[in-house]
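Colleague: Sequence and predicted structure are below.
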Amino acid sequence: MNRQPKQWRPKPNRMELPTFVWVIIKAAVLAGVLLSISNLAVLGERKVSSWIQGRVGPNRTSVPIIGSIPVIGPMLTRLGLFQPVADGLKLLLKEDPVPDHVNKLYFFLAPVAAMIPATTTVAVLPFGQIITDGVSVPLVLADLDIGILFIFAVSSLGVYGMILAGWASNSKYPFIGGIRSSAQMISYELSMGLSILPVFMWANAPGVDSGLNLFSVVQTQQGAWGVMFMPVAALLFLVSIFAETNRLPFDMPESESELVAGFSTEYGSFKFGLFFAAEYAHIIVGSGVFVVLFLGGWHWLPWVPMHVEGLLGAALSIGVFLGKTTFIVFFFMWIRWTLPRFRYDQIMKLGWTMMLPLAVVNLIVYALIFALLDS
Amino acid sequence: MATKDISIGDVLSRSSDYEHELDTEKMTLSMGPSHPSTHGVLRLILELDGEVVTKCEPVLGYLHRGDEKIAENMTYNQFVPYTDRLDYLAPLANNVAYAIAVEKLAHLEVPPRCQAIRVLVSELARISAHLLGLGAYAMDTGALTVFMFTFTEREKLYTLFEKLTGARLTTSFTRIGGVARDLPEDWMNEVKHFVDQLIPVLDEVDGLLTRNRIFVDRTKDVGVISKEDAISYGLTGPNLRGSGVPLDLRVDRPYSGYEKYDFDVPIGSVGDSYDRYLIRMEEMRQSVFIVKQVIEKMPEGPYYAEDAKRIFPPSKDKVMSSMEELIQNFMITTQGPQMPAGEVYFEAENPKGALGFFIHSKGGGVPYRMKIRGPSFCNLSILPKVCIGAMISDVVAILGSLDFVMGECDR
């Protein structure tokens, strides 16, 4: 590769040369945004739980200079907006104990294995659109034709983080947590995959060949949103992402009142932080996928189109998308702080004897409906 | 190429050859003494086949302080603070049970106001203990918010206790022959206000748990204790009544004037963890009912037995002005309340069950031997039986539903 001095180039040429650099920058920005949102989600969780429980939540942490700005500083402090920074720094600066009895290599690998799928799936998730000259282009890192398949493939790798953590910890509570998580995630992946097939059948109406592309799914929801005529599928998918992200009614791997801290019992410091961040990143991506598939993505209201061209439209669409995702994330938290936890065998029973048959029936019914409509 | 015929018989016989290979190894899991849901320092050695418990062995004694021996080395009144530390979730009820036991030894009848105050504080203690018990139970099953709701109420109750006794947890409120001090002014109104606002909170907890499908699934038919087992293992309190045995010492052997108040005793039908939850829920409502009646009927008069000159010290202003009372005060403070020789056993219906004190006295101000029957200890004795066949999550639910306190188990 011969480097040339920096100079003005015509547009196509400029895009051609540094494509991979450009992609890396975009990916880094996207991962950074995802991680900072998941940090904020941790704060959100603490605040939401405190509101639900009649507490105040984090309201003390402050940053020297910003915190002393007259009105804004105390307000931000009371909202706890500096808390994520303190939490993150705490995890980063703490001593990182590694117990003697662990399998060191896998013990170190596990948090990484948990983190990577969570940040990778966001690559194919369209989070907005930009309309130039009447043509809408998705705002997405990689507009794959196999979008949803990629998400499933990668996110199902997330279970390795937990199994590895449970195994490498070489300790009984993490071990049980790891076993539970693997069984649970594998069981719910089936109903998760089956529940969304009707959406793609619908998106791939005769004459349209959009494959498993997520952008085209959103575009087909300009009128009615997926949740309106596929409520069962939406419910199944929502429950499945609860199970896939290990949130409370389904938080078997952790179940802190039984297994102490489940698979992450032996972890401390930033390794634990990675698990923690991965969990929230998973929740955010899962909510994003739900919004894309069932809640109309960046369409702000069903049947009410919003065609704003240019950057303003892009910003609006991102805003709408983030707003909906935030609502789903809030829903996750709301459930967590309201419901008790299932028992392990009840989760299995629910997954295999209710969710899976329901998903299959749901798939068949929609397949028949679409076949009738098409003929 | 020849194919081998395989009959079903072959397959069956071959599978039986490999049967031993399918046998799984059992795992021993030590749950506690430091575990989020063993409520203190209980340790269970669980033998697990997968997730199913095949053997459960409770290990006690991590909190043993030798309370019974300590009692032999101090006067009756000096032991009152130690009773706070038995069931430390309902110290007032322990104080009352202990005082009544010693008074029974002295054949001493306390005045009606003192009795009413004791009933009032016992019932408030019951509410506070059940609030925590239920909250922790819900937390064990994963519902964290219920715990915060009930704990908030308990906090208000503690503020009331603080106003009454000067301490939030270690109340040490009773003395032999009376209580430490009379009710503060307007205190009863505050209690009334508290119990009035408690009912909506209980309704909210009710709404969160009672018909919650997950909670019901987790607790129904889990940890079933039959009537016979409950009796033969010596269970008492809500755990016994959950199994359908209508035994409540407040009704069957009324003490401290419980016969004057009208209340129901809830009884379970199945004896599972869910029944025990329902019973505690209803007992709190009944306690509120009793508290209201006590406040309404609160008699006037002295709050200690004035005529028991050898047991209860006189009031300070008399000590300062009269020789007789000064000597009385001096004798009781140095020698302890004077008891006759004899043996006595008294049980009170505490939040966790029947708290019993057996006192052997040879006269004087110090017991020769004191035995404490902790209800939690007896309630836990059924664990090895009830945990078998349960899953790990069930063990947690059973522990929560038995609602024990280690301070009382280990004494």
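Modeller: It's in. Residues are numbered from 1 along each chain as shown, chains lettered A, B, ... in the order given.
Colleague: what residues are up against the nearest residue to residue B:312 once chain neighbours are set aside?
Modeller: In space, and not counting its chain neighbours, residue B:312 is closest to residue B:177: 3.6 Å by Cβ to Cβ, 6 or more residues apart in numbering or on different chains. C-betas here are computed from N, CA, C, even on glycine. Shown in contact with residue B:177 (Cβ atoms under 8 Å, 6 or more residues apart in numbering or on different chains): B:99, B:103, B:106, B:108, B:110, B:304-305, B:308, B:311-312, B:337.
Colleague: Which of the helices or strands spans the closest residue to chain A within chain B?
Modeller: Closest contact between chain B and chain A, by Cβ to the nearest Cβ, is at residue B:142 (2.8 Å). Assigned by DSSP states H and E, residue B:142 belongs to no helix or strand.
Colleague: Contact partners for the nearest residue to it once chain neighbours are set aside?
Modeller: Counting by Cβ to Cβ, 6+ apart, residue B:142 lies nearest to residue A:341, which is 2.8 Å off, once chain neighbours are set aside. For residue A:341, the contacting residues are A:248-251, A:255, A:257, B:141-143, B:214, B:218, B:393, by Cβ under 8 Å, 6+ apart.
Colleague: buried stuff in the helix ranked longest in chain A?
Modeller: Across chain A, the longest stretch assigned as helix under DSSP state H is helix A:19-52. Neighbour counts over helix A:19-52 (16 or more other Cβ atoms under 10 Å in any protein chain shown) mark A:27, A:30-31, A:34-35, A:37-50, A:52 as buried.
Colleague: And chain B, is it touching that?
Modeller: Yes: Helix A:19-52 reaches chain B (Cβ under 8 Å from any Cβ of the partner chain) through A:49, A:52.
Colleague: For the stretch 201-350 of chain A, what lies in contact range of chain B?
Modeller: Within the stretch 201-350 of chain A, the positions near chain B by Cβ under 8 Å from any Cβ are A:248-249, A:251, A:255-260, A:337-346.
Colleague: can you give me the helices for the stretch 1-150 of chain A?
Modeller: According to DSSP state H, counting those that start in this stretch, the stretch 1-150 of chain A carries its helices in the segments A:11-16, A:19-52, A:64-67, A:72-79, A:83-93, A:104-120, A:147-155.
Colleague: Including mean pLDDT, could those helices go into a markdown table?
Modeller: Compiled in a markdown table, the helices of the stretch 1-150 of chain A are given as follows (pLDDT from 0 to 100):
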| stretch | mean pLDDT |
| --- | --- |
| helix A:11-16 | 51 |
| helix A:19-52 | 85 |
| helix A:64-67 | 79 |
| helix A:72-79 | 83 |
| helix A:83-93 | 86 |
| helix A:104-120 | 87 |
| helix A:147-155 | 85 |
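Colleague: Residue of the stretch 251-375 of chain A closest to chain B, please.
Modeller: For the stretch 251-375 of chain A and chain B, the shortest gap (Cβ to the nearest Cβ) falls at residue A:341, measuring 2.8 Å.
Colleague: Please identify the buried residues of the one helix or strand residue B:199 maps to?
Modeller: Element membership for residue B:199 (DSSP H and E) is helix B:187-209. For helix B:187-209, the neighbour count (16+ other Cβ under 10 Å) marks B:188, B:191, B:194-195, B:198, B:201-202, B:205, B:208-209 as buried.
Colleague: Who are the packing partners of that helix?
Modeller: helix B:112-140, helix B:144-165, helix B:273-297 (3 or more Cβ pairs under 8 Å, 6 or more residues apart in numbering or on different chains; DSSP states H and E).
Colleague: next helix or strand past that helix?
Modeller: Next helix or strand after helix B:187-209 toward the C-terminus (DSSP H and E): helix B:213-219.
Colleague: Can you list the neighbours in contact with that next one?
Modeller: Residues outside helix B:213-219 that contact it (Cβ under 8 Å, 6+ apart) are A:249, A:339-343, A:346, B:138, B:141-143, B:209, B:272-274, B:277, B:393-394, B:397, B:401.
Colleague: what does stretch B:355-363 give?
Modeller: In contact with stretch B:355-363 (Cβ under 8 Å, 6+ apart) are residues B:86-87, B:93-94, B:97-98, B:101-102, B:105, B:338-348, B:367-375, B:408.
Colleague: Now do the buried residues in it.
Modeller: B:355-361.
Colleague: out of those residues, who's nearest residue B:330?
Modeller: Distance to residue B:330, by Cβ to Cβ, is smallest for residue B:361 among the buried residues of stretch B:355-363, at 21.7 Å.
Colleague: so when I look at the closest one, I'm seeing a strand, right?
Modeller: Yes: counting by DSSP: H, G, I helix; E, B strand; the rest coil, residue B:361 falls inside a strand.
Colleague: which residues sit in contact with the residue nearest to residue B:68 when sequence neighbours are not counted?
Modeller: Of all residues beyond its chain neighbours, the one nearest residue B:68 is residue B:370 (5.5 Å), with distances taken as Cβ to Cβ, 6+ apart. Residues counted as contacts of residue B:370 (Cβ under 8 Å, 6+ apart) are B:68, B:71-72, B:79, B:357-360.
Colleague: One more pass at 7 Å, please.
Modeller: Contacts for residue B:370 (Cβ atoms under 7 Å, 6 or more residues apart in numbering or on different chains) come out as B:68, B:71-72, B:357-359.
Colleague: so can I have TSV of the residues you listed showing distance to residue B:330?
Modeller: Converted to TSV, these look like this (distance: Cβ to Cβ, whole Å):
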residue	distance to residue B:330
B:68	29
B:71	23
B:72	23
B:357	27
B:358	30
B:359	24
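Colleague: Count residues in the vicinity of residue B:115, would you?
Modeller: Residues lying near residue B:115 (other Cβ atoms under 10 Å in any protein chain shown) number 21.
Colleague: Please name the nearest non-neighbouring residue to it.
Modeller: Closest residue to residue B:115 in three dimensions, ignoring its sequence neighbours and counting by Cβ to Cβ, 6+ apart: residue B:257, at 4.1 Å.
Colleague: list the contacts for that neighbour?
Modeller: By Cβ under 7 Å, 6+ apart, the contact set of residue B:257 is B:112, B:115-116, B:119.
Colleague: just the buried members of those?
Modeller: Buried by 16+ other Cβ under 10 Å: B:112, B:115-116, B:119, out of the contacts of residue B:257.
Colleague: Mind listing residues that contact stretch B:37-50?
Modeller: Contact partners of stretch B:37-50, identified using Cβ under 7 Å, 6+ apart, comprise A:257-258, B:24, B:26-33, B:53-59, B:62-63, B:136, B:140, B:395-396, B:399-400, B:404-406.
Colleague: just to revisit the earlier point, export the contacts of residue A:341 as CSV, with columns for distance to residue B:159, neighbour count and pLDDT.
Modeller: Formatted as CSV, those follow (distance: Cβ to Cβ, whole Å; neighbours: other Cβ atoms under 10 Å in any protein chain shown; pLDDT from 0 to 100):
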residue, distance to residue B:159, neighbour count, pLDDT
A:248, 32, 23, 77
A:249, 35, 20, 84
A:250, 38, 25, 83
A:251, 35, 25, 81
A:255, 34, 28, 73
A:257, 28, 22, 73
B:141, 29, 31, 88
B:142, 29, 26, 84
B:143, 25, 25, 85
B:214, 33, 19, 89
B:218, 33, 25, 88
B:393, 36, 27, 86
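Colleague: mind showing which ranges of the stretch 251-400 of chain B have poor pLDDT?
Modeller: Counting by pLDDT under 70, the stretch 251-400 of chain B contains no low-confidence residues.
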